[in-house]
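Novice: Here is my input, please return the structure:
(chains A and B)
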Amino acid sequence: MTTSEMSIELQGISKQFKGTQALHKIHAAFEAGSIHGLLGRNGAGKTTLLNIMAGYDLANQGSVVIDGTVLKDQQRLIQQICYVRETEKPWEEYKLKKLLTFFKLNTPNWDEEYAMALMSRYQLNPNKKYSQLSRGMKSLFGAIRGLASRSPITFFDEPVLGLDAAMRQMFYDDLLEDYTKHPRTILISTHLIDESEQLFEYITFIHQGQIMLQGATDAILQRGLTLSGRKEAVERAIQGKQVLHTEQLGGHVGVLLWDVPEEEQRAWQQSGLDVGSASLQKLFVHLTAQSQHAKGGHQ
Amino acid sequence: MNIRKHVTFQMKDWSVSLLVFWGIMLTLNIVFQYLQKGFSFNFGNTHVSFNLMDALVELTKNDAHPITDVLFAPDINIVSIGIYILVAGIMCGTISFPLYRGLGISRVASWLSITISLLAISVFNTLVQTGISSIFAVILDNPDRLAKSLDIISIFQLITAYFLVGMLFFLIGTIFYCFGTWIGVLSVALAITALNFFPMGYELLILSNMGIEVAAYPFLISWLVIVGTFFLIGHFLYRARIK
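Specialist: Sure, this is the predicted structure:
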């Protein structure tokens, strides 16, 4: 592991806001030198968790451990973290060129040349004030900060908010290109799961303030599958299996399944049923929905 | 912790506003001094004349401390600097702190750097004011004012007063930032009440005009308040949620 790659470990993080438990004893680990996706529904606690991991907020319980050191207020650790938020209120009255100077002065690995190249690639006018930027332009400026900072730990909270499809793709390409040249630990929180799936090496699902699932993207995708065929045959096959979702069309039925051994999948294929891979978005939607139903049932 | 670098960064951030502020104040000083001296001219058959001193004497003749002496233009800077530092103090709590922290500067380093910047700006403004009033005194051939302007105790008192204002309003800005509008407004009311116990600006001018030794100014209490405020701000900022 190089100094440009730092691991993060969460040890029992809990956070309460005026009687609401936003995070419940979160334990998780984020491997160094990888791109992690932090996925969760609205109000799941993603931003709260990122705020705590970046030292912007304090947990009521638990600690964030970066490369073996508990994060408190150490300058040495804090300057290794670049946290790109949806919007930055303190920047409102500053021109972009002044903000770029601030970044240059305070970010140890800041790449000025790369930042200026991105400014022109994303067609941002350095003489404009941050408050004059549209939602999408603010996201792009945040992206420039995150990429050019070359910080060993970079957090992006909804980095593509307000961007059109072409600009989003441009950001994903730039992120991957720069990450390949300068590997570091990147954590991205987003709602656009399908299109950002290509970026993530690891995924963390957060639901109702708890980590629901964490693992390598490939491993998670392998755990989910779709099965379709004649209704009777499918119903027979899925007995005793964890079904996340069912869709019926005439005499045919399609199901989304979780954790099915490979031998059974092969047997289904041999018996004429269609076995396919599930998309991350479908898994996310139905896993979180199922967890919600289970909670409702318990209550 | 590179406090020096962060203070330089803050001073750079304030540099444009300082330049504009002193540009305006210097212009006002010159205009004010000119109006005090008065002017007159003929406009056709009409004779126009104006003398600010006469107007001020007339306006304050029934006051407890009427203006009788010729006023010294750079004195108007004293309160203006106070207002500048008051605004800077509030912005330190509401904007500078989250800006610093967002740029990867730790909470403790941000708190120390902002405090030192406020002291630096108090010293800087006092020295500029001292320079301007000394130049005016020399140009107007007023040795008394020159001696007053260069009086080291007055200079220290001005620095103390400005730093006190800066710290109190840094605390208020911090309270606004950490606890929201209502508690912030309440803290403003408390601060204004507290400031009433300290002679400021025009009151200082009256005190010195009345021949009262400005050394009566509560120097020690001011520094005690500054130190208390410093630690209170630190306590709040260490726990603040960065918004």
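Novice: Sketch out the strands for the chain, chain order is fine.
Specialist: Let's take chain A. For chain A, the strands defined by DSSP state E cover A:8-17, A:20-30, A:35-40, A:61-66, A:69-70, A:81-84, A:153-157, A:185-189, A:202-207, A:210-216, A:224-230, A:242-249, A:252-258, A:274-277.
Novice: Hmm, no, I was thinking of chain B.
Specialist: Here chain B has its strands, by DSSP E, at B:39-43, B:46-50.
Novice: Any chance of those strands in a markdown table with mean neighbour count and mean pLDDT as columns?
Specialist: No exception for glycine: its C-beta is placed from N, CA and C like everyone else's. A markdown table is the format used below for the strands of chain B (neighbours: other CB atoms under 10 Å in any protein chain shown; pLDDT from 0 to 100):
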| stretch | mean neighbour count | mean pLDDT |
| --- | --- | --- |
| strand B:39-43 | 9 | 78 |
| strand B:46-50 | 9 | 78 |
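Novice: could I get those as CSV with distance to A:G62?
Specialist: Listed next are the strands of chain B as CSV, based on distance: least, CB to CB, whole Å:
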stretch, distance to A:G62
strand B:39-43, 73
strand B:46-50, 72
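Novice: Quick one: these as TSV, columns for distance to chain A too.
Specialist: Shown next, in TSV, are the strands of chain B (distance: least, CB to the nearest CB, whole Å):
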stretch	distance to chain A
strand B:39-43	40
strand B:46-50	40
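Novice: B:I105 and B:T8: what is the separation?
Specialist: 13 Å (CB to CB, to the nearest Å).
Novice: Same check on A:Q169?
Specialist: For A:Q169, the distance to B:T8 (CB to CB) stands at 41 Å.
Novice: How about A:Q80?
Specialist: For A:Q80 relative to B:T8 (CB to CB), the value is 22 Å.
Novice: do B:T181 as well
Specialist: According to CB to CB, B:T181 and B:T8 sit 33 Å apart.
Novice: So for B:I105 and B:T8, which sits in the more crowded spot?
Specialist: Taking neighbours as other CB atoms under 10 Å in any protein chain shown, B:I105 and B:T8 compare with B:I105 leading, 25 against 15.
Novice: wouldn't that one be in contact with A:I81 here?
Specialist: No - judged on CB atoms under 8 Å, B:I105 makes no contact with A:I81 at a distance of 11.6 Å.
Novice: Who are the contact partners of the one residue in the stretch 101-250 of chain A that gets nearest to chain B?
Specialist: Distances between the stretch 101-250 of chain A and chain B by CB to the nearest CB are smallest at A:N106, namely 4.2 Å. Contacts here follow CB atoms under 8 Å, 6 or more residues apart in numbering or on different chains; on that basis A:N106 touches A:Q79, B:F9, B:L103, B:G104, B:I105.
Novice: Tally up the residues packed near the second one, please.
Specialist: Applying the criterion other CB under 10 Å, we find 21 residues in the vicinity of B:F9.
Novice: Compute the number of surrounding residues for the closest residue to it other than its chain neighbours.
Specialist: Residue nearest to B:F9 in three dimensions, not counting chain neighbours: A:L105, with 5.5 Å by CB to CB, 6 or more residues apart in numbering or on different chains. The burial count assigned to A:L105 is 14, neighbours taken as other CB under 10 Å.
Novice: Quick one, grab the pLDDT at A:A233.
Specialist: With respect to pLDDT, A:A233 has a value of 87.
Novice: quick one: contacts for it?
Specialist: Going by CB under 8 Å, 6+ apart, A:A233 touches A:S271, A:G272, A:L273.
Novice: B:F163 too?
Specialist: Residues near B:F163 by CB under 8 Å, 6+ apart: B:L118, B:L119, B:S122, B:I226.
Novice: Those residues also near chain A: which ones?
Specialist: For chain A, no contacts are drawn from these by CB under 8 Å from any CB of the partner chain.
Novice: Of those, which belong to helices?
Specialist: Here DSSP state H is the test, and these give B:L118, B:L119, B:S122, B:I226 as lying in helices.
Novice: of all the residues you listed, which comes closest to chain A?
Specialist: Checking these against chain A with CB to the nearest CB, the nearest one is B:L118 at 17.5 Å.
Novice: residues in the stretch 1-150 of chain A within reach of chain B, list them.
Specialist: For the stretch 1-150 of chain A, the contact set with chain B under CB under 8 Å from any CB comprises A:51, A:56-58, A:73-75, A:78-79, A:81-83, A:88-91, A:93, A:102-103, A:105-107.
Novice: Near A:Y179, how many residues? Count them for me, please.
Specialist: Counted with other CB under 10 Å, residues neighbouring A:Y179 total 19.
Novice: and it, what pLDDT?
Specialist: On the pLDDT scale, A:Y179 is placed at 94.
Novice: Next: A:T217.
Specialist: Looking at A:T217, its pLDDT stands at 91.
Novice: Report the contact partners of it.
Specialist: A:T217 neighbours (CB under 8 Å, 6+ apart): A:G37, A:E197, A:F200, A:E201, A:Y202, A:I203, A:L280.
Novice: Tell me which residues touch the last one, please.
Specialist: Read that as A:L280. A:L280 neighbours (CB under 8 Å, 6+ apart): A:I193, A:D194, A:E197, A:I203, A:T217, A:I220, A:L221.
Novice: how close does the last one sit to B:M25?
Specialist: What that stands for is A:L221. Distance, A:L221 to B:M25, by CB to CB: 67 Å.
Novice: neighbour-wise, which of these two wins?
Specialist: Each of A:L221 and B:M25 has its neighbours counted (other CB under 10 Å); B:M25 has more, 22 against 17.
Novice: mind checking pLDDT for the most centrally placed residue in chain B?
Specialist: Centroid-nearest residue in chain B: B:G82, 2.0 Å away (criterion: CA atoms, centre = their mean). Here, the pLDDT recorded for B:G82 equals 92.
Novice: my guess is it contacts B:V165, does it?
Specialist: Yes - applying CB under 8 Å as the test, B:G82 and B:V165 come out as touching, 5.4 Å apart.
Novice: Low-confidence ranges, chain A, go.
Specialist: Low-confidence segments of chain A (pLDDT under 70): A:1-5, A:290-299.
Novice: Report the residue ranges of every domain in it.
Specialist: What automatic domain parsing lists as the domains of chain A is A:8-208, A:223-298.
Novice: Distance from the chain centre to the last one, please.
Specialist: Which is domain A:223-298. In this view, domain A:223-298 has its centroid 25 Å away from the chain centroid, taken as CA atoms, centre = their mean, to the nearest Å.
Novice: same check, this time on the first one
Specialist: Per CA atoms, centre = their mean, the displacement of domain A:8-208 from the mean C-alpha position of its chain is 10 Å.
Novice: Burial check on A:V234, number of neighbours?
Specialist: Number of residues near A:V234 (other CB under 10 Å) recorded here: 21.
Novice: With adjacent residues omitted, what lies nearest to it?
Specialist: Closest residue to A:V234 in three dimensions, ignoring its sequence neighbours and counting by CB to CB, 6+ apart: A:V253, at 4.8 Å.
Novice: Which residues of the stretch 151-299 of chain A lie near chain B?
Specialist: A:S151.
Novice: In this structure A:R184 contacts A:P152, no?
Specialist: Yes - counting by CB under 8 Å, A:R184 touches A:P152, with 5.2 Å between them.
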